[in-house]
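> Predicted model, plus sequence, below.
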Amino acid sequence: MIAQNQYQVILMDCQMPELDGYETTRRVRRQEAGGAYGNRHAHWIIALTANAQSGEAERCNALGMDDFLTKPVTLPVLSSTIDKWLLATQSDSQESPCTP
């Protein structure tokens with residue numbers, strides 16, 4: 001889906017069946033680094049997880065996720081988080097050409 005569509009923000013469920021959000025993020029970042037998505041801006045990945053244990057946000061960040069939200073997520077929190085990353089995308093595109 002990511003290769004076929006241009007997404008600015010990806011909401012990544014960490015506990016997906018078969019291929020969890022951690023491994024999916026690793027693969028997306030590896031593909032970005034290899035130029036699989038052309039000259040598009042790197043995707044902003046927001047982790048969604050029910051795991052609110054200490055260290056989980058750091059783990060997600062270390063894997064290449066840009067932000068971290070715990071479930072259940074409220075609409076105001078989700079909206080402000082997405083807005084933050086969309087604004088970052090707009091700032092980046094105004095200042096420099098898009099790069100993976």
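Structure's in. What do you need? Numbers count the residues shown, from 1 in each chain.

> what ranges do the strands span in the protein?
Remark: strands assigned in the chain by DSSP state E are 9-13, 44-49, 67-70.

> how about those strands in a markdown table, adding mean neighbour count and mean pLDDT?
For glycine as for every other residue, the C-beta is placed from the backbone atoms N, C-alpha and C. Output for the strands of the chain, formatted as a markdown table (neighbours: other C-beta atoms under 10 Å; pLDDT from 0 to 100):
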| stretch | mean neighbour count | mean pLDDT |
| --- | --- | --- |
| strand 9-13 | 19 | 94 |
| strand 44-49 | 22 | 94 |
| strand 67-70 | 18 | 94 |
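
> for the least confident helix or strand in the chain by mean pLDDT, packing partners?
One helix or strand of the chain scores below all others by mean pLDDT, DSSP states H and E: helix 75-95, with a mean of 83. The helices and strands touching helix 75-95, judged by 3 or more C-beta pairs under 8 Å, 6 or more residues apart in numbering; DSSP states H and E, are strand 9-13, strand 44-49, strand 67-70.

> before we move on, back to that, export the strands of the chain as JSON lines, with columns for distance to Tyr37.
Compiled in JSON lines, these are given as follows (distance: least, C-beta to C-beta, whole Å):
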{"stretch": "strand 9-13", "distance to Tyr37": "12"}
{"stretch": "strand 44-49", "distance to Tyr37": "13"}
{"stretch": "strand 67-70", "distance to Tyr37": "20"}
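
> Relative to Pro76, which of these is closest?
strand 67-70 (11.7 Å; C-beta to C-beta).

> buried sites along the least confident helix or strand of the chain?
Thr81, Ile82, Trp85, Thr89 (16 or more other C-beta atoms under 10 Å).

> distance between it and the chain's centre?
12 Å (C-alpha atoms, centre = their mean, to the nearest Å).

> who's in contact with that helix?
Gln8, Val9, His41, Trp44, Ile46, Asp66, Asp67, Leu69, Cys98 (C-beta atoms under 8 Å, 6 or more residues apart in numbering).

> I'd like the residues you listed as a markdown table, with distance to Gln15 appended.
What follows is the contacts of helix 75-95, written out as a markdown table (distance: C-beta to C-beta, whole Å):
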| residue | distance to Gln15 |
| --- | --- |
| Gln8 | 24 |
| Val9 | 19 |
| His41 | 27 |
| Trp44 | 20 |
| Ile46 | 15 |
| Asp66 | 19 |
| Asp67 | 17 |
| Leu69 | 13 |
| Cys98 | 31 |
